[in-house]
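>>> Sharing a model that was predicted from the sequence below.
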Amino acid sequence: MILCFLLPSLAIFLLYRVIPLGWNAVLSFQSWSPMRPPRWVGLEHYEEMLFYDDVFWTALWNTLIWIGAAPLAIVLALGIALLVNSDLKGASVYRTIVFLSYPLMTVAVGIIWRWMYDERGGFINWALRELGLIDKPLGFLQSFDLAMPSVILTDIWQVIGFYMIILLTGLQQIPQHLYEAARVDGVPRHAVFLHITLPMLRPSLFLCAVIGLLNSFTSFDLVYVMTNGGPGHATELLVTYIYKLGFGQTKFDYAAAVTVVQFLLLLVLTFLANRLAGGNAGAVEKD
Amino acid sequence: MRRGVPWLRHAVLILVSAAMLLPFYWVLKTAITDENIYAYPPRLLPQNPHPYNFVDVWYLIPFPRYLLNSIVVSLLAVVGNVVLNAMAAYALTQSFRAKKLVILLLLSCMLIPFQATIIPAYLITARIGLLNSYLGLALPLLSTIVCIFIYKSAFEAVPRSLVEAARMDGLSEWRIITHVLLPLSRPAIATNVILAFIWSWNSFMWPLIITRDADMQTLPLGLARFLSYMEDTTGALYAFVCLVLAPGILVFLMAQSAFIRGLTHGATKG
């Protein structure tokens, strides 16, 4: 009886989580397109992916770079969080400003930053030229070397406020008496940071890391708008590659195999992050 | 904790704030300027500010249609989450057989990001005939696991005796939810509304996959499509961006603390 109340939600999760996950796994072992009946091909797709598909490896590598950039953003966010976590006048205004970009539509953010990076009308090229750092404008998003860092910088700009808020919440949960005791004992400030603040902040830091992991999956919007994976495949992520395979080339079966690899990667990394954090990095809703 | 010189901290924070706000300013400046947007050097201040780019947007693209589509989809998602999640959360506060199994199922579903299921999700939606429809756009967003747990902890904070008393008085399960639990769980409702709204309003990949007609496109899709036609050659693109962002920024500034609380609750969106 009471189960009826659960049914609508369960039906949605079944339809859009559980069944797709299973179907996806099955599809990855089949040769299938909307026009043909399915045929089992075993590990053929995985073989092609791992041994013959350079784009897959590029996308995998780029996804790892994307994840690897998260610690940088987290360190920056920690710096800002420490600065605004105080009786500083106007701290809440700074907090609002830094957080503002996070809930905004990522597609719009991508367009804003395309314009910031633009060779003629963009602020960044203008500022660098005015400062005499460069002679010619740089095509940030058109360059094989610069495109990836440029897109990642945009991503950091958008999520840094979110990391800041999480770390701020963590900072405010550290018992004040620890700091008072340290002050009474005359512990130097950097030691207080290393031995009280950082260890007490560990759950928040790893929550940020897990969000950084998920972010590499969900950054489809930004890459799609800013570079569409280009130039070449310089900014291709697994998630954009899967989209192109599935909906550009209608290779649903092969795209499914790449999805399986991407999902396993996320599971393993999330598991590792959880282990490092002492088991409950994802447990935010229990505060 | 008081440390460092206040003015030094202000200086750093002002720099950070400038870096955060400058992109907004740059786009707004371009949107209201009538100079050739490719003129070099770009002006730092808008020259002869005017609203023509905004007028252009109105004529170049079906802005009201995109807006309507976005509003309908977000409304479906918000109502879906507020109602369905409350029902599910209520069930989870009761005891029934297989409850542990259901909770385990929900927690494992949280590990499956939507992006990891897009291919079959598309095929399923095609099979049930919902491609290119409002319901198809909203269906995967109608209930969210994180939000169920947010409701659940709010419901658990309501004294059991109150629920028991209501039941003694012969209130149906449905009325216990709507008349006893929900009125006492306002912050949880707010979080549900905000998260469902942000996720559906900003959602891009799913609409990109399942919409075929321009008539069914939501704002982010319309924006991306306009970009692919215009390739940043017109100030109208930036006027469009401003029109899309302005309501979001206003709503955020008005309900800031609720937003921040909601988003930190939904941190690991399941």
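Thanks, I have the structure now. Residues are numbered from 1 along each chain as shown, chains lettered A, B, ... in the order given.
>>> how about the residue positioned nearest the centre of chain A, what does it touch?
Relative to the mean C-alpha position of chain A, the nearest C-alpha, by CA atoms, centre = their mean, is the one of residue A:215, at 2.0 Å. Applying CB atoms under 8 Å, 6 or more residues apart in numbering or on different chains to residue A:215 gives the contacts A:66-67, A:70, A:155, A:159. C-beta: built from backbone N, CA, C; applies to glycine.
>>> Same question for residue A:195.
residue A:187.
>>> residue ranges with poor pLDDT in the chain?
Went with chain A since none was named. A:278-287 (pLDDT under 70).
>>> wrong one, I was asking about chain B
Counting by pLDDT under 70, the ranges of chain B that qualify are B:1-4, B:34-37, B:232-233, B:266-270.
>>> Would you map the strands across chain A?
For chain A, strands defined by DSSP state E occupy the ranges A:30-33, A:36-40.
>>> Between those strands, which one is closest to chain B.
Nearest to chain B, of all these, is strand A:30-33, at 9.8 Å by CB to the nearest CB.
>>> Tell me which strands the closest one pairs with, and in which orientation.
Strand A:30-33 pairs in its sheet with strand A:36-40 (antiparallel), by DSSP bridges.
>>> Give the buried residues for the partner strand.
Buried residues in strand A:36-40, counted by 16 or more other CB atoms under 10 Å in any protein chain shown: none are found.
>>> chain center to it, what's the gap?
Here the centre of strand A:36-40 is set off from its chain's centre by 35 Å, with CA atoms, centre = their mean, to the nearest Å.
>>> Contacts for it next, please.
Contacts to strand A:36-40, defined as CB under 8 Å, 6+ apart, come from residues A:29-32.
>>> Out of those residues, who's the most crowded?
Neighbour counts for these, by other CB atoms under 10 Å in any protein chain shown, peak at residue A:32, which reaches 21 neighbours.
>>> so that one touches residue A:252, yeah?
Yes: counting by CB atoms under 8 Å, residue A:252 is a contact partner of residue A:32 at 6.5 Å.
>>> Now residue 144. Nearest residue, chain neighbours left out?
Went with chain A since none was named. The shortest distance from residue A:144 to any non-neighbouring residue, by CB to CB, 6 or more residues apart in numbering or on different chains, is to residue A:234 (4.9 Å).
>>> oops, I was thinking of chain B
Spatial nearest neighbour of residue B:144, excluding adjacent residues (CB to CB, 6+ apart): residue B:81 at 5.9 Å.
>>> Would you agree that neighbour is in contact with residue B:194?
No: counting by CB under 8 Å, residue B:81 stays clear of residue B:194, with 10.0 Å between them.
>>> neighbour count winner among the two?
Here residue B:81 and residue B:194 are set side by side on neighbour count (other CB under 10 Å), and the busier one is residue B:81, at 27 against 24.
>>> and residue 88, what does it touch?
All of this is about chain A. With CB under 8 Å, 6+ apart, residue A:88 has these contacts: B:6, B:9-10, B:13.
>>> look at chain B instead
Applying CB under 8 Å, 6+ apart to residue B:88 gives the contacts A:5-6, A:8-10, B:143, B:148, B:151.
>>> Count the neighbours of the closest residue in space to it that isn't next to it in sequence for me.
Of all residues beyond its chain neighbours, the one nearest residue B:88 is residue A:9 (4.0 Å), with distances taken as CB to CB, 6+ apart. Other residues within reach of residue A:9, judged by other CB under 10 Å, total 27.
>>> For residue A:9, give me its contacts.
Residues counted as contacts of residue A:9 (CB under 8 Å, 6+ apart) are B:84-85, B:87-88, B:143, B:148.
>>> how close does it sit to residue B:157?
Residue A:9 is 21 Å from residue B:157, where distance means CB to CB, to the nearest Å.
>>> try residue A:235
From residue A:235 to residue B:157 the distance is 46 Å (CB to CB).
>>> which of the two has more neighbours?
residue A:235 (28 against 11).
>>> who's in contact with the closest residue to that one other than its chain neighbours?
Nearest non-adjacent residue to residue A:235, counting by CB to CB, 6+ apart: residue A:227, 4.5 Å away. Contact analysis of residue A:227 by CB under 8 Å, 6+ apart lists A:141, A:147, A:151, A:234-235.
>>> can you do 7 Å?
Residues in contact with residue A:227 (CB atoms under 7 Å, 6 or more residues apart in numbering or on different chains) are A:141, A:147, A:151, A:235.
>>> Any part of stretch B:102-109 near chain A?
Yes: Stretch B:102-109 lies within reach of chain A by CB under 7 Å from any CB of the partner chain, at B:102, B:109.
>>> Tell me the buried residues in that stretch?
In stretch B:102-109, the ones that count as buried by 16+ other CB under 10 Å are B:102, B:105-106, B:109.
>>> And that stretch, how far out from the chain middle?
Computed by CA atoms, centre = their mean, the separation of stretch B:102-109 from the middle of its chain amounts to 24 Å.
>>> on that earlier part again, with respect to residue A:116, which of the strands of chain A lies nearest?
Residue A:116 lies closest, by CB to CB, to one member of the strands of chain A: strand A:30-33, at 40.9 Å.
>>> Longest helix in chain B, by number of residues?
helix B:63-93 (DSSP state H).
>>> Return the backbone torsion pair for the nearest residue to residue A:33 once chain neighbours are set aside.
Nearest residue to residue A:33, sequence neighbours excluded (CB to CB, 6+ apart): residue A:250, at 6.1 Å. Main-chain dihedrals, residue A:250, degrees, to the nearest 10: phi 40, psi 40.
>>> What residues does the stretch 101-250 of chain B have near chain A?
Within reach of chain A by CB under 7 Å from any CB, the stretch 101-250 of chain B has these residues: B:102, B:109, B:111-113, B:115-117, B:119-121, B:124, B:139-140, B:142-143, B:146, B:148-150, B:153, B:198, B:202, B:204-205, B:209, B:220, B:223-224, B:227, B:232, B:237-238, B:241, B:244-245, B:248-249.
>>> In ChimeraX, select just the buried ones from the residues you listed.
In ChimeraX, this line selects whichever of these come out buried by 16+ other CB under 10 Å:
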select /B:102,109,111,112,113,115,116,117,119,120,121,124,139,140,142,143,146,148,149,150,153,198,202,204,205,209,220,223,224,227,232,237,238,241,244,245,248
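>>> from the residues of the stretch 101-250 of chain B next to chain A, which ones fall inside helices?
When those are checked against helices (DSSP H), the matches are B:102, B:109, B:119-121, B:124, B:146, B:148-150, B:153, B:198, B:202, B:205, B:209, B:220, B:223-224, B:227, B:237-238, B:241, B:244-245, B:248-249.
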